[in-house]
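[1] just a sequence and a predicted model for now, questions to come.
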Amino acid sequence: MLSGETTPPISVIIPTYNRSRLIHGTLTALAGQRAPADMFEVIVADDGSTDDTRQTVESFRDRLHLRYHFQEDLGFRAAAARNAGARLARGGILAFVDSGILPGPGFVAAHLAAHRRPGPARAMLGYTYGFQPEHPTPGMAEILKTHTPEEVVRRYGALPEFHDNRHQLFAESGDNLSRTVLPWQLFWTCNCSVPADEFWAVGGFDEDFRSWGAEDTELGFRLSRHGLSIEVTRDGWAVDTPHPRRSTPDLGDNRSNMLTFLHKHPEPVLELLWAWYSRHLPQLEDTRDWHVRLELPTLRRAANRVRNLDVTAELAQLRDIAAPGTRVAVFGCGGTLPDGFPPGELFDLDEKLLDRLPRDPARPTHHAVGIRTVLPDDAVDVVLITSRLAPLWRRWRAHLLAEARRIGRTVWSPLLGSDPAAVPAATPA
């Protein structure tokens, strides 16, 4: 049995649930690291397995500095399992891999070297060959039964179908995702590492995520906002073992979790990300390659175009026709309200204009477009979509109207013209 007296500089944390075969492969790969055994520890965080996962882990006690944490199966709690593993960790660097990820022999050394480079703190993503969950490399599961990860990468690493599915964006950024628009969108826990103090400074994984997907991206969002760059280490590579995935339920979970993500960080980019995961996309001929990073420039141009557009006359018209007690929401409220404007929820895509409005609990402000708000169904009586949304109207008209109708009883907008939906405010029931 290996001695556990020394404090390793890096801790590798692996969440798992009823994947004994896959965790065996991951631990075998970690036992083959070129780094000395005292350089790292491995923590398996079991989310309530009922198979022989514990016995599989115990069989590696003589090859790895190993810790095992078991939590009761109360449903999908990968975020809680990872946090529990991180609390047990002694290393100053926390590396996360998933069950079935096979770290290359230089994985530990490469992640450590990346964090020891001069400069500010950073979060690292290890290149993960074969990580294409929707299109796994044909025949790779069988090949991995007879070849080591190093042999597989040497033989197949140049094949596009065996690339990490983030390969193109990695290459375009020069392996520094902080040069991209949304670096955190590619922060996935299949193969990543972060300084422990920075991990805890942002609170670790958010345990409100109780189904598959988004808890790693949301952590990347907070790390990025905390000031960490997100970079790629090619030397810290790993191979993903193809295995069955519950694609349809998982996508549904991801959509739900993206709504949770949006509620935690309500701002336009999260509206777009929710729309993308929800397949709530514009039906336009030029959007076949629709992606959030391609839509953000559109939002920025729209904000610049209408920055000085005053819509107080439109707001005043709504004020004048609204019956007493009517509760309103405004998409594109601008930075000035007319006197006597009724209570309600105010949204605008220009955060600087919102800062000009007085802080008033009766009129909370939201930095948002209106594609998906944080309001519940039927939250207000009337939704006004102002002409400040004109630059986005062709692209997002259907979705702005759908959201307005979800949260409000009636919708009014000068952009609707003679559209039957352009009805005046109703007297509240």
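    That came through fine.

[2] residue boundaries of the strands in the stretch 201-350 of the chain?
    229-240, 328-331, 344-348 (DSSP state E, counting those that start in this stretch).

[3] would you list those strands in a markdown table and tack on mean neighbour count?
    Just so you know, the C-beta spots here come from the backbone N, C-alpha and C atoms, and that holds for glycine as well. Shown next, in a markdown table, are the strands of the stretch 201-350 of the chain (neighbours: other Cβ atoms under 10 Å):
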| stretch | mean neighbour count |
| --- | --- |
| strand 229-240 | 22 |
| strand 328-331 | 26 |
| strand 344-348 | 25 |
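
[4] could I get the ones you listed as CSV with mean pLDDT and distance to L186?
    Below are the strands of the stretch 201-350 of the chain laid out as CSV (pLDDT from 0 to 100; distance: least, Cβ to Cβ, whole Å):
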stretch, mean pLDDT, distance to L186
strand 229-240, 96, 8
strand 328-331, 97, 30
strand 344-348, 97, 28
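
[5] in CSV: those strands, plus distance to A37.
    Listed next are those as CSV, based on distance: least, Cβ to Cβ, whole Å:
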stretch, distance to A37
strand 229-240, 18
strand 328-331, 59
strand 344-348, 56
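
[6] nearest to A398, of those?
    In terms of Cβ to Cβ, the element of the strands of the stretch 201-350 of the chain nearest to A398 is strand 328-331, at 13.9 Å.

[7] quick one, what contacts the residue nearest to P195 when sequence neighbours are not counted?
    Computed as Cβ to Cβ, 6 or more residues apart in numbering, the closest residue to P195 that is not its neighbour in sequence is A121, at 5.3 Å. Residues near A121 by Cβ atoms under 8 Å, 6 or more residues apart in numbering: 115, 195, 198, 227-228.

[8] which one among the residues you listed gets closest to G332?
    G227 (31.7 Å).

[9] and for the closest one, the neighbour number?
    Using other Cβ atoms under 10 Å, G227 has 11 other residues around it.

[10] next: H167.
    16.

[11] of the strands of the stretch 201-350 of the chain, which approaches L400 most closely?
    For the strands of the stretch 201-350 of the chain, the distance to L400 is smallest for strand 328-331, at 6.5 Å, taking Cβ to Cβ.

[12] for the residue lying farthest from the centre of the chain, give me the pLDDT.
    Relative to the centre of the chain, the most outlying C-alpha is that of D320, 42.4 Å out, by Cα atoms, centre = their mean. D320 carries a pLDDT value of 91.

[13] what residues are up against it?
    Contacts of D320 by Cβ under 8 Å, 6+ apart: none found.

[14] any idea how far P342 is from it?
    Computed as Cβ to Cβ, to the nearest Å, the D320 to P342 distance reads 10 Å.

[15] go on, D377?
    Distance, D377 to P342, by Cβ to Cβ: 20 Å.

[16] between those two, who's got more neighbours?
    P342 (21 against 8).

[17] where does this structure have low pLDDT?
    Per-residue confidence of the chain (counting by pLDDT under 70) places the weak regions at 1-5, 244-254, 279-290, 418-429.

[18] again, 50 this time
    Where the chain drops to pLDDT under 50, the residues are 1, 247-251, 280-289, 418-429.

[19] tell me the contacts of the closest residue to R305 other than its chain neighbours?
    Excluding the flanking residues, the one nearest R305 by Cβ to Cβ, 6+ apart is P391, at 5.0 Å. Contact partners of P391, counting by Cβ under 8 Å, 6+ apart, are 301-302, 305-306.

[20] can you put these in JSON lines and add distance to G204 and neighbour count?
    What follows is the contacts of P391, written out as JSON lines (distance: Cβ to Cβ, whole Å; neighbours: other Cβ atoms under 10 Å):
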{"residue": "R301", "distance to G204": "37", "neighbour count": "12"}
{"residue": "A302", "distance to G204": "36", "neighbour count": "23"}
{"residue": "R305", "distance to G204": "40", "neighbour count": "13"}
{"residue": "V306", "distance to G204": "39", "neighbour count": "23"}
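
[21] show me which of these is closest to G106.
    For the contacts of P391, the nearest to G106 is R301 (44.3 Å; Cβ to Cβ).

[22] got the domain boundaries for this structure?
    10-245, 266-429 (automatic domain parsing).

[23] switch those over to TSV; also include distance to N257.
    Formatted as TSV, the domains of the chain follow (distance: least, Cβ to Cβ, whole Å):
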stretch	distance to N257
domain 10-245	4
domain 266-429	8
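
[24] which stretch among those domains comes nearest L259?
    domain 266-429 (6.0 Å).

[25] need the contact list for the residue nearest the centre of the chain.
    The residue lying closest to the centre of the chain (Cα atoms, centre = their mean) is T217, at 2.7 Å. Neighbouring residues of T217 by Cβ under 8 Å, 6+ apart: 184-185, 187-188, 261.

[26] one step back: out of the domains of the chain, which is the most enclosed?
    Of all the domains of the chain, domain 10-245 carries the top mean neighbour count, a mean of 19, counting by mean count of other Cβ atoms under 10 Å.

[27] now do that one: distance to the chain's middle.
    Counting by Cα atoms, centre = their mean, to the nearest Å, domain 10-245 is centred 16 Å from the centre of its parent chain.

[28] pretty sure A114 sits against R234.
    No: A114 is beyond contact range of R234, at 10.2 Å (criterion: Cβ atoms under 8 Å).

[29] what sits closest to A35 if chain neighbours are left out?
    In space, A35 comes closest to V108 once its chain neighbours are excluded; the distance is 4.2 Å by Cβ to Cβ, 6+ apart.

[30] so the one you found sits in a helix?
    Yes: under DSSP: H, G, I helix; E, B strand; the rest coil, V108 falls within a helix.

[31] contacts only, for it.
    Counting by Cβ under 8 Å, 6+ apart, V108 has contacts 10, 12, 30, 33, 35, 39-40, 95.

[32] so which of these are in strands?
    Among the contacts of V108, the ones falling in strands (DSSP state E) are 10, 12, 40, 95.

[33] now the helices for the stretch 51-200 of the chain?
    With DSSP state H, counting those that start in this stretch as the criterion, the stretch 51-200 of the chain has helices at 53-58, 78-88, 107-116, 140-146, 149-156, 167-172, 196-201.

[34] in a markdown table: those helices, plus distance to V44.
    Output for these, formatted as a markdown table (distance: least, Cβ to Cβ, whole Å):
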| stretch | distance to V44 |
| --- | --- |
| helix 53-58 | 5 |
| helix 78-88 | 8 |
| helix 107-116 | 16 |
| helix 140-146 | 20 |
| helix 149-156 | 19 |
| helix 167-172 | 28 |
| helix 196-201 | 18 |
